[in-house]
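>>> Have a look; sequence and predicted model below, questions after that.
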Amino acid sequence: MSDFYQQSSDQQIECLTQLAREALPLWGLSQAAELTLLKYRENAVYRVVDGGDQYALRIHRFGYHSQAELQSELDWMQALNDSGVMTPAIIKTTDGQLVKNVRVDDVPEARMVDVLGWVEGKPLGSIEEGARGDHDTIIANYRTVGSLMAKLHSHAQVWDRPAEFKRQMWDVDGLLGETPVWGRFWELPLLTEAQRAQIQIARKQAYRELQSLGQDPAYYGLIHCDFLPENLLRGDKGLHLIDFDDAGFGWHLFDIATTLFFHVGEDYFDDLFDAFIAGYRAERALDDQHLSHLPLFLAVRAMVYLGWVYTRSEIEGVNEMAPVLIDAAMALTRQYLKPCSTILITGESR
């Protein structure tokens, strides 16, 4: 067998599809079920159609999460569902487990697999295409997104987590320390020396500012960390939130910066921002003084994305996204480093 990690994306997918089929009987599903690949980034995600039933099967990126962390992710999703925040249903194996290690010969490591209930709905957009719909639809959607995020933050603040609950830390060191969660973004080879110098200046200033913010539960706690339009599905019953793969402990403003990031510079951004904040404040307090730190978190979000590019260059499409993310990082860190940085980031930053 050739090295899995030296194979093309199509060859890797073929191997992972074999692993998916091997996993199906563990959930009482037929190995002959219809499998359709939906996404291959962090994880390989498949749509499973078995008779009249549909599911989402995830094969997790090797080494990103421990089994305890995946168990915790699914525990939180279930708790949110129970509280009225719509997330995919958790499907247990035939022996009552949530996550299983599955091995096939053509994949070098055992991979952790889980299965979720299928969510019927249309995403609010995508990274590549942006928000979908006309102006009024986008604004109405993001008022709802703001409300949904506030409910999630409020739930996390009062939820009695299991004693063994474990997720990654998007704290000052997890974002900007010597070993960030997504890698040493300032070492990305695609950066010029001038870009690298600007990133390092922003990183050091942001590190000090995040330290001074502290971790007051009013502003810091369990966050989703991936409120992207493709992870927000509008169905008949309302808005569903999917993909908790990056969920962990961090600042609420980092969650907010994530959902705003790919809309910065768009014609509709100011109205989207106002609608999102109004929706959030309808459910949870967010004072202007704290919100004034948003340029910091947009800059941090941009830098963290460079780490994602650096450590995931083997994923199809990542290298094509790199120039866009570098440009965004330069614009947002430059905006952050201005003496009078403002909350709203205008079109000239794009």
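Yep, it's here.

>>> Identify each of the strands in the stretch 151-300 of the chain and give its residue range.
Ranges of strands within the stretch 151-300 of the chain are 168-170, 220-223, 232-235, 238-241, 248-251, based on DSSP state E, counting those that start in this stretch.

>>> Which one of those strands lies nearest to Gly133?
Gly133 sits nearest to strand 232-235 of all those, at 9.7 Å, using C-beta to C-beta. Bear in mind the C-beta positions are built from the backbone N, C-alpha and C, glycine included.

>>> Buried residues of the closest one, list them for me.
Neighbour counts using 16 or more other C-beta atoms under 10 Å place 232-234 of strand 232-235 among the buried residues.

>>> Just the closest of these to Gln200, please.
Among the buried residues of strand 232-235, and counting by C-beta to C-beta, the member closest to Gln200 is Leu232, at 34.0 Å.

>>> Other residues contacting the helix or strand bottoming out on mean pLDDT in the chain?
In the chain, no helix or strand scores lower on mean pLDDT, DSSP states H and E than strand 130-131, which sits at a mean of 89. Residues from elsewhere that reach strand 130-131 (C-beta atoms under 8 Å, 6 or more residues apart in numbering): 124-125, 138, 141-142, 229, 262-263, 266, 268, 272.

>>> Could you do stretch 224-240 as well?
86-88, 119-127, 130-132, 141, 144-145, 148-149, 152, 170, 241-248, 250, 254-255, 258-259, 262.

>>> Report the buried members of the residues you listed.
Judged by 16+ other C-beta under 10 Å, buried ones among those: 86-88, 119, 121, 123-125, 131, 141, 144-145, 148-149, 152, 170, 241-248, 250, 254-255, 258-259, 262.

>>> Can you list phi and psi of Val181 for me?
phi -50, psi -40 (degrees, to the nearest 10).

>>> That one and His263: what is the separation?
Here Val181 is placed at a distance of 23 Å from His263 (C-beta to C-beta, to the nearest Å).

>>> This protein: helices as residue ranges?
Ranges of helices within the chain are 9-23, 67-83, 135-158, 172-176, 193-213, 252-261, 269-281, 288-291, 294-311, 318-337, based on DSSP state H.

>>> Go ahead and name everything in contact with the longest one.
The set of residues that contact helix 135-158 without belonging to it, under C-beta under 8 Å, 6+ apart, is 76, 79-80, 83-85, 124, 131-133, 217-218, 221-224, 227, 232, 234, 238-239, 241, 252, 255-256, 259, 268, 271-272, 275-284, 286.

>>> list the buried ones in that helix?
138-139, 141-156.

>>> Domains in this structure, by residue range?
What automatic domain parsing lists as the domains of the chain is 4-118, 123-349.

>>> Report how many residues lie close to Glu42.
A total of 18 residues lie near Glu42 under the criterion other C-beta atoms under 10 Å.

>>> Compute the number of surrounding residues for the residue lying closest to it once chain neighbours are set aside.
In this structure, Glu42 finds its nearest non-sequential neighbour in Arg61, 4.9 Å apart by C-beta to C-beta, 6 or more residues apart in numbering. Using other C-beta under 10 Å, Arg61 has 17 other residues around it.
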